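**Student:** The amino acid sequence is not available; the structure is as follows:
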RNA sequence: GGAGAAGUAUCGAAGUGGUCGUAACGAGCUGCACUCGAAAUGCAGUUGUCCGGUUUCGGGCACAUGGGUUCGAAUCCCAUCUUCUCCGCCA
């Protein structure tokens, strides 16, 4: 949610920033509605003050035996006026809120405009592996090794689902364990949240109302606000933990991570190009979230990027970090860096982590605040999130980058302890 | 899923249509006093938000949430949510 006061004061600047995201902002409508809203509030509050004043006098008048019927008649008329104006302000309130809640976050000023093609690679780690033998893709490798069962996954649940089997399940679990152990070392609090969330969580995270068709809903009432959905990422849960609360400033930054499967419809995705595990309806992810003081969210952002990168680096995979152009950042986010791993068979880098700073956009939506010791007032926290990491791209990357001539897979060194000492999958 | 009870400030809790209640009383917390210091004691302060002026300020709203009744609602009515107790179900 954008700050209406900022829109009032910096309309041009905000318009320009949103244009970088490819969003044409019409602030005039919202501002004129807000203008009307505020004048209606002023008006109705005067009337209410009057009503309160008269109401306070009534008991005394009654005691003195003075007639009050004429006052009642006047007050009834006043009450009707108030009710009418209340309706008006409520309607305006809702309209302003609705319009405001559909606007995406403004990007940080240092982001370039435009889409994907303007993303900037800011760091490359390692190099593309060279194979002295005919390289295989991860789908063939996994199938031959019997560690991923695509066909039976499809049989159970349809396209976009698969089964991890045997060493495949072990490898997947080892990855998750490795990530978890690293976050614990860094002092992040481990959270296992519910996988079913209420509408308010999707709204708070900034994913609704716009993307509410892209998640799986559990109930079929027509009013989604009363229904629950399967979380598309643990961020949706973590970022709403403190909604409506005022956090002690000294507790910031608060650092969390969670493991959950992520459930996504991924409607209209490119199944043919993205075979195997690249894009499924359910994948495992460890997610990091920080609640930060606005003055220090930049440091938190750097920390999250470094953490995500260090995980992939420790796995010995070739990857790069991209700073996303404004238009490639998701609606809620002010800045995003992607960590992209090399998938040899596809000849491209695929996102394994997306680290973002929402600034106060999410906190405004779900009312997460802290009390600022300098001003003594409440203010919105900054929320940041980053995958740390999603396995569904890391797994294929490992399979492909660590493949051997005989079709076996060398287990990355850091995972060996989590694989019970196993060094190769064959 | 069914029945019953309950949801008031940081916590406990009083308040069943106005005046005595933005909220008693108790605890906590903060400051000050007393003290060599501490404890005890005393005094004072201690919700959020919105609108308007912006240096003290004035006003509105909020007693789970949303409606309703009324001149006036924490208090009465309706719906919803949550918690607790009991019953049922329990792959």
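**Tutor:** Now that the structure is in, tell me what you want to look at. Owing to the predicted nature of the structure, the values given are computational and were not obtained by experimental measurement. Numbers count the residues shown, from 1 in each chain, chains lettered A, B, ... in the order given.
**Student:** and the closest residue to RNA strand B within chain A, how many residues sit next to it?
**Tutor:** Closest residue of chain A to RNA strand B, Cβ to the nearest atom of the strand: residue A:75 (3.0 Å). Placement of C-beta: from N, CA and C, glycine included. Residues near residue A:75, counting by other Cβ atoms under 10 Å, number 17.
**Student:** next one: residue A:121
**Tutor:** 12.
**Student:** That one against residue A:325, yeah?
**Tutor:** No. The pair residue A:121 / residue A:325 is not scored as a contact, 11.9 Å apart, by Cβ atoms under 8 Å.
**Student:** tell me the SS of residue A:47?
**Tutor:** At residue A:47 the chain is in helix, as set by DSSP: H, G, I helix; E, B strand; the rest coil.
**Student:** which residues touch it?
**Tutor:** A:78, A:81-82, A:85 (Cβ atoms under 8 Å, 6 or more residues apart in numbering).
**Student:** Ok, residue A:344 next?
**Tutor:** Counted by Cβ under 8 Å, 6+ apart, residue A:344 has contacts A:128-129, A:131, A:135, A:400-401.
**Student:** So which of the residues you listed belong to strands?
**Tutor:** Within those, no residue falls in strands by DSSP state E.
**Student:** Need the residues you listed in CSV (columns: pLDDT, neighbour count and distance to residue A:245).
**Tutor:** CSV is the format used below for the contacts of residue A:344 (pLDDT from 0 to 100; neighbours: other Cβ atoms under 10 Å; distance: Cβ to Cβ, whole Å):
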residue, pLDDT, neighbour count, distance to residue A:245
A:128, 93, 12, 47
A:129, 91, 15, 48
A:131, 92, 14, 53
A:135, 93, 15, 52
A:400, 94, 26, 45
A:401, 94, 25, 44
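**Student:** wait, which of those is closest to residue A:197?
**Tutor:** residue A:400 (34.1 Å; Cβ to Cβ).
**Student:** same for the helix or strand hosting residue A:84, what does it pack against?
**Tutor:** Under the criterion of DSSP states H and E, residue A:84 resides in helix A:69-101. The elements that helix A:69-101 packs onto, with contact taken as 3 or more Cβ pairs under 8 Å, 6 or more residues apart in numbering; DSSP states H and E, are helix A:27-63.
**Student:** pLDDT score for residue A:94?
**Tutor:** Looking at residue A:94, its pLDDT stands at 87.
**Student:** Could you list every helix and strand in contact with the helix or strand hosting residue A:396?
**Tutor:** Residue A:396 is part of helix A:391-401 when elements are defined by DSSP H and E. Judged by 3+ Cβ pairs under 8 Å, 6+ apart, the packing partners of helix A:391-401 are helix A:138-145, helix A:167-185, strand A:282-292, strand A:335-343, strand A:348-357.
**Student:** Good, we can wrap up now.
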